[in-house]
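Participant: For reference, the sequence and a predicted model appear below.
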Amino acid sequence: MIQRLGNAPYLLLVGAALFWGGNAVAGKFLAGSLPPVTISFTRLTIGVLIMSPLIIRLFRRERAALKEHFKLLVFLAVTGVVGFNLLIYWAVHYTSAINATLLNSTSPLFIFLLSALLIGEKMELKYWVSMAISMIGVLVVITQGSFERLIALQFNMGDLIMVLAVISWSLYSIFIKKISGKLPSLAIFGFTLAIGFTVMIPAVAIELAIVQVDVPTMAEWSALFYIGIFPSICSFLLWNRAVAMIGPSKASISLNLIPVFGTIAAFLVLGEVITIPQVLGGCLVFIGVFITSFTRKKSVQLAEEA
């Protein structure tokens, strides 16, 4: 049964999206009792403890490569492993889990934009159109459809922090290409996890010295173990397995399920209300992402046929 599931790429992708979709929801659940750095550090601690046998084995085997690419691995750890999740857990202190998951779905567009700005990747007119449509959707979400808020530049702080989280993840996604093929994907994952954990030690020490934190309840520990195991480890392993079988182009469409699962979970678990501006803004974001995904897949197909 397990072997059969392991060879079903689309089921693996649905599982990965489901777990990733619950990340902001669990963060929102914890936001009322735990500060963001503590949440992020606990998540990393759980991940490192689970992955430590693999990390130690990879360190022994890939020590030379680790030393050669250490600076890039630190950058990837700071942007992808630490920054992205820390900013999400900070954002949901001020905004809803639904807004966080909707804004998170703009990642592909920011990746294209930053690729054009930072590494000179050419963007066709279609990409700029899709970017404009999705950005309108983002504005609808963060202003709750209020033109007065837009004119007065009155934005929810949490929504703006979530945009920074998406930018952080986009930087990670761009620069991980520079190390892909030079280290096994599991080694990149394990090393960045360990580096991120180390970077967070002084940060959590400072936070705990300033903020009084009570001992988590059983429900809070459950949420912490959820984010430490499922979005942080299981989603990664499921995604990698599926991509190895069907390729990143076909797999990427499953990422659109993340805000869907996140919105449903926020409604069922947190009782958040789904508003009309969220639906409208989310649809515009999806349209923009769909245009980008469709044109990218078409170009990849043409290249393969050639």
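Facilitator: Sure, I can see it. From a predicted model like this one, the values you see are computed outputs, not experimental measurements. Residues are numbered from 1 along each chain as shown.
Participant: Next, count neighbours for residue 259.
Facilitator: As a burial measure, residue 259 scores 28 neighbours (other Cβ atoms under 10 Å). Bear in mind the C-beta positions are built from the backbone N, C-alpha and C, glycine included.
Participant: now the one 3 residues further on
Facilitator: Other residues near residue 262 come to 27 when the count uses other Cβ under 10 Å.
Participant: so what's it up against?
Facilitator: By Cβ atoms under 8 Å, 6 or more residues apart in numbering, the contact set of residue 262 is 20, 21, 22, 23, 24, 25, 97, 98, 100, 101, 104.
Participant: Among those residues, which are located in helices?
Facilitator: Among these, the ones falling in helices (DSSP state H) are 20, 21, 22, 23, 24, 25, 97, 98, 100, 101, 104.
Participant: Among those residues, which one has the most neighbours?
Facilitator: Top of the ones in helices among the contacts of residue 262 by neighbour count (other Cβ under 10 Å): residue 24, with 35 neighbours.
Participant: thinking that one is in contact with residue 87, fair?
Facilitator: No: with contacts counted by Cβ atoms under 8 Å, residue 24 stays clear of residue 87, the gap being 10.9 Å.
Participant: Tell me where the model's unsure across this protein.
Facilitator: 1-7, 121, 123, 127, 142-155, 247-253, 289, 292-306 (pLDDT under 70).
Participant: what about 50?
Facilitator: Along the chain, segments meeting pLDDT under 50 span 2, 298-306.
Participant: Distance of residue 280 relative to residue 139?
Facilitator: Shown here: residue 280 relative to residue 139, a distance of 11 Å by Cβ to Cβ, to the nearest Å.
Participant: Who has more neighbours out of these two?
Facilitator: For residue 280 and residue 139, the more surrounded residue by other Cβ under 10 Å is residue 139, and the numbers stand at 18 against 15.
Participant: Now the phi/psi pair for the more buried one, please.
Facilitator: phi -60, psi -40 (degrees, to the nearest 10).
Participant: Let's have the contacts of residue 262 in CSV, adding distance to residue 173.
Facilitator: Shown next, in CSV, are the contacts of residue 262 (distance: Cβ to Cβ, whole Å):
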residue, distance to residue 173
20, 14
21, 18
22, 21
23, 16
24, 18
25, 23
97, 22
98, 23
100, 18
101, 18
104, 13
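Participant: Any buried residues in the strand or helix carrying residue 138, and which?
Facilitator: Assessed by DSSP states H and E, residue 138 sits inside helix 125-142. Residues of helix 125-142 classed as buried by neighbour count (16 or more other Cβ atoms under 10 Å): 127, 130-131, 133-142.
Participant: Output the residues you listed as TSV; include the columns distance to residue 168.
Facilitator: Listed next are the buried residues of helix 125-142 as TSV, based on distance: Cβ to Cβ, whole Å:
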residue	distance to residue 168
127	21
130	21
131	18
133	23
134	18
135	18
136	23
137	20
138	16
139	20
140	23
141	19
142	17
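Participant: tell me the two of these that are most distant?
Facilitator: Using Cβ to Cβ, those span at most 22.0 Å, a distance reached by 127 and 142.
Participant: Packing partners of the host helix or strand of residue 202?
Facilitator: Element membership of residue 202 [criterion: DSSP H and E] is helix 185-210. Applying 3 or more Cβ pairs under 8 Å, 6 or more residues apart in numbering; DSSP states H and E, we find helix 185-210 packed against helix 36-61, helix 63-68, helix 70-76, helix 235-246.
Participant: after the third one, next one along is what?
Facilitator: Read it as helix 70-76. As assigned by DSSP H and E, the chain's next helix or strand after helix 70-76 is helix 84-91.
Participant: Send over that following helix as PDB, restricted to the C-alpha atoms.
Facilitator: C-alpha atoms of helix 84-91 as PDB (Å, rounded to 0.1, in the frame of the first residue of the first chain):
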ATOM      1  CA  PHE A  84      10.200  32.800   4.900                       C
ATOM      2  CA  ASN A  85       8.600  30.900   7.800                       C
ATOM      3  CA  LEU A  86       9.500  33.400  10.500                       C
ATOM      4  CA  LEU A  87       7.900  36.200   8.500                       C
ATOM      5  CA  ILE A  88       4.700  34.000   8.000                       C
ATOM      6  CA  TYR A  89       4.500  33.400  11.800                       C
ATOM      7  CA  TRP A  90       5.000  37.200  12.300                       C
ATOM      8  CA  ALA A  91       2.500  38.100   9.700                       C
END
